[in-house]
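Asks: Dropping a prediction and its sequence here:
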Number of protein chains: 2
Amino acid sequence: MAKSDAQTPRERYRTQVRAEIKEHAWEQIATAGASALSLNAIAKRMGMSGPALYRYYAGRDELITELIRDAYRSLADRLHSAFAEGADLAVLAHTLRAWALEDPQRYLLIYGTPVPGYHAPDDITRISSETMATLLDACAKLPPDSPATPFDAHLADHRDWADGHPAPPAVLHRALRFWTRLHGVLSLELAGHFTGMGFDPALLFAAELDDLLAH
Amino acid sequence: MAKSDAQTPRERYRTQVRAEIKEHAWEQIATAGASALSLNAIAKRMGMSGPALYRYYAGRDELITELIRDAYRSLADRLHSAFAEGADLAVLAHTLRAWALEDPQRYLLIYGTPVPGYHAPDDITRISSETMATLLDACAKLPPDSPATPFDAHLADHRDWADGHPAPPAVLHRALRFWTRLHGVLSLELAGHFTGMGFDPALLFAAELDDLLAH
DNA sequence: GGGCTGCGTGATAACTTCTAACGGAACTTT
DNA sequence: AAAGTTCCGTTAGAAGTTATCACGCAGCCC
């Protein structure tokens, strides 16, 4: 707290403007999607003209990367704090869904269609693995009841992604199941593929969650 | 076969050029993503200059809509013909995965992040429900073994999306499970979220399929 | 208070989609 | 076969976009 608090007025202003830019960017993404994000439009809404934004972000890519980083950070924090407060897998699942519905485009920015050329910086994948770690912790708390599958054996030999987590292969498998199944329901719901089908997406989500927990 | 074959030379040429445009568009989408689709670039690659494309497509949106339609059509045909040749749910699932891996961006164009403002024309949703119909047919062939869930009861009252299909609620539920779970694994794989994790996505897909069939 | 740092501006370049007006080629009709 | 019509591809241009540059001025630091 010695240096980081001692921001010069210029640094204060800079971080504040950067935050304001991101705020407008999120607003724009929520209404028109990430691909329609326009630096010009953001600048005009903030009262400045065009190239001024380049003082704060090197370009569109850097801004989007920062938004992706923030999204990962937000999700990781939300899940981690929920788990720290004693949430089990069911509560974590609903926490995830609530976070996703809060801002669908934010979820889709992380888990939606990627830009083919784009590669996330290392620190982003590190945040992502934080989320995976809490998921693994939560899965490890459940009693082991599922019989070993061939895929479990495969995971025993390919567990680098667990990043040193001591969970047995069955738990790794359970975590992957949670991730992929919840994402399956959630992403289709957020993409609007359930609209007009008549049923309640929340109930389908709950049904999948029941299946996962009953396993 | 009286009139539809009797294309005037101009109609022939027109449909051929439209097809060629789409071909270049797919190529471009596969390498740079749908958001980077440039009419100008397509025109230049075809040896014509810019605005000539507007003779064939009213604009970027119409071209993309047609690509989406083709993608839905391709998937519906692939699954339908597989089912007609006797494929069961397991084969259908692998047919889906093979189709998706053939051109990941084509799958993501359908099931990936949607443009917030965009609404698909009616004929596209009709093609989509064709796919759902074959999935329901395949699910109906399996012996009913799963106990009724609360969500089944909900589906009994919200089955408009089945479009008159006579399958019982448990089968509807099974179809939704197939759809969401396979999409969950597949979309994460195609989006590259498994790269660097070490395990084989094909085995995870197979494990999920086993789970679905063992239910 | 003087001097350096850095912010915001307008001008430019190279893109994009998309409209409009024109010339010419190809097909249709007489 | 010749005239007429339709439709294609062109160039020119408007309104956007991202991004770079040089300039002026304000604010911060010493």
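Replies: Yep, it's here.
Asks: right, and the helix or strand after the helix or strand where residue A:13 lies?
Replies: Taking DSSP states H and E as the criterion, residue A:13 maps to helix A:9-32. Remark: after helix A:9-32, the chain's next helix or strand is helix A:39-45, criterion DSSP H and E.
Asks: Does chain B have contacts with that following helix?
Replies: No: using Cβ under 8 Å from any Cβ of the partner chain, helix A:39-45 never reaches chain B; the gap is at least 15.1 Å. All C-beta atoms are positioned from the backbone trio N, CA, C, and that covers glycine.
Asks: Check which residues of that helix are buried.
Replies: For helix A:39-45, burial by neighbour count (16 or more other Cβ atoms under 10 Å in any protein chain shown) applies to A:39, A:42, A:43.
Asks: which helices and strands sit right next to that helix?
Replies: helix A:9-32 (3 or more Cβ pairs under 8 Å, 6 or more residues apart in numbering or on different chains; DSSP states H and E).
Asks: Next one: residue A:123 from residue A:162, what distance?
Replies: Counting by Cβ to Cβ, to the nearest Å, the gap from residue A:123 to residue A:162 is 19 Å.
Asks: neighbour count winner among those two?
Replies: More crowded of residue A:123 and residue A:162, by other Cβ atoms under 10 Å in any protein chain shown: residue A:162, with 20 against 11.
Asks: What sits closest to that one if chain neighbours are left out?
Replies: Here the nearest residue to residue A:162 in space, its sequence neighbours aside, is residue A:172; by Cβ to Cβ, 6 or more residues apart in numbering or on different chains that works out to 5.8 Å.
Asks: what packs against the strand or helix carrying that neighbour?
Replies: Residue A:172 belongs to helix A:169-190 when assigned by DSSP H and E. Contact partners of helix A:169-190 among helices and strands, from 3+ Cβ pairs under 8 Å, 6+ apart: helix A:89-102, helix A:104-111, helix A:122-141, helix A:150-157, helix A:201-214, helix B:169-190, helix B:201-214.
Asks: residue contacts, residue A:111?
Replies: A:183, A:187, B:187, B:188, B:191, B:193 (Cβ atoms under 8 Å, 6 or more residues apart in numbering or on different chains).
Asks: Look up phi and psi at the last one.
Replies: Geometry field for residue B:193 lists phi and psi as phi -80, psi -10, criterion degrees, to the nearest 10.
Asks: Contact residues of chain A facing DNA strand D?
Replies: Applying Cβ under 7 Å from any atom of the strand, we find that chain A lies next to DNA strand D at A:8-10, A:13, A:37-41, A:50-51, A:54, A:58-61.
Asks: Apply 10 Å and report the result again.
Replies: Listed as neighbours of DNA strand D in chain A under the rule Cβ under 10 Å from any atom of the strand: A:6-13, A:28, A:36-44, A:49-55, A:57-64.
Asks: and DNA strand C, which of those residues contact it?
Replies: Within these, those near DNA strand C by Cβ under 10 Å from any atom of the strand are A:8, A:10-11, A:13, A:43-44, A:49-55.
Asks: among the residues you listed, which two are most distant?
Replies: Maximum pairwise distance among those (Cβ to Cβ): 28.4 Å, between A:8 and A:44.
Asks: re the thing from before, any chance of a ChimeraX selection covering the buried ones in the ones next to DNA strand C among the residues of chain A next to DNA strand D?
Replies: Buried residues among these (16+ other Cβ under 10 Å), as a ChimeraX selection:
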select /A:43,53
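Asks: Tabulate the ones next to DNA strand C among the residues of chain A next to DNA strand D (CSV), appending pLDDT.
Replies: Formatted as CSV, those follow (pLDDT from 0 to 100):
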residue, pLDDT
A:8, 83
A:10, 82
A:11, 87
A:13, 91
A:43, 97
A:44, 96
A:49, 90
A:50, 89
A:51, 96
A:52, 96
A:53, 97
A:54, 97
A:55, 96
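Asks: From the ones next to DNA strand C among the residues of chain A next to DNA strand D, pick the one nearest residue A:179.
Replies: Set against residue A:179, the nearest of these by Cβ to Cβ is residue A:53 (35.7 Å).
Asks: Not counting the least confident helix or strand in chain A by mean pLDDT itself, show me its contacts.
Replies: Here the helix or strand of chain A ranked lowest by mean pLDDT, DSSP states H and E is helix A:9-32, holding a mean of 94. Identification of contacts with helix A:9-32 by Cβ under 8 Å, 6+ apart yields A:7, A:36-38, A:41-42, A:45-46, A:53, A:56-57, A:63, A:66-67, A:70, A:103-106, A:109, B:115-117.
Asks: same thing with stretch A:133-153?
Replies: Contact with stretch A:133-153 is made by A:76, A:79-80, A:83, A:87-89, A:92, A:162-163, A:165, A:167-175, A:178-179, A:213, A:215, B:203-204, B:206-207, B:210, as judged by Cβ under 8 Å, 6+ apart.
Asks: ok, of the residues you listed, which come out buried?
Replies: Burial of those was assessed by neighbour count (16+ other Cβ under 10 Å); the buried members are A:76, A:79-80, A:83, A:87, A:89, A:92, A:162, A:165, A:167, A:169-175, A:178-179, B:203-204, B:206-207.
Asks: Brilliant, that's me finished.
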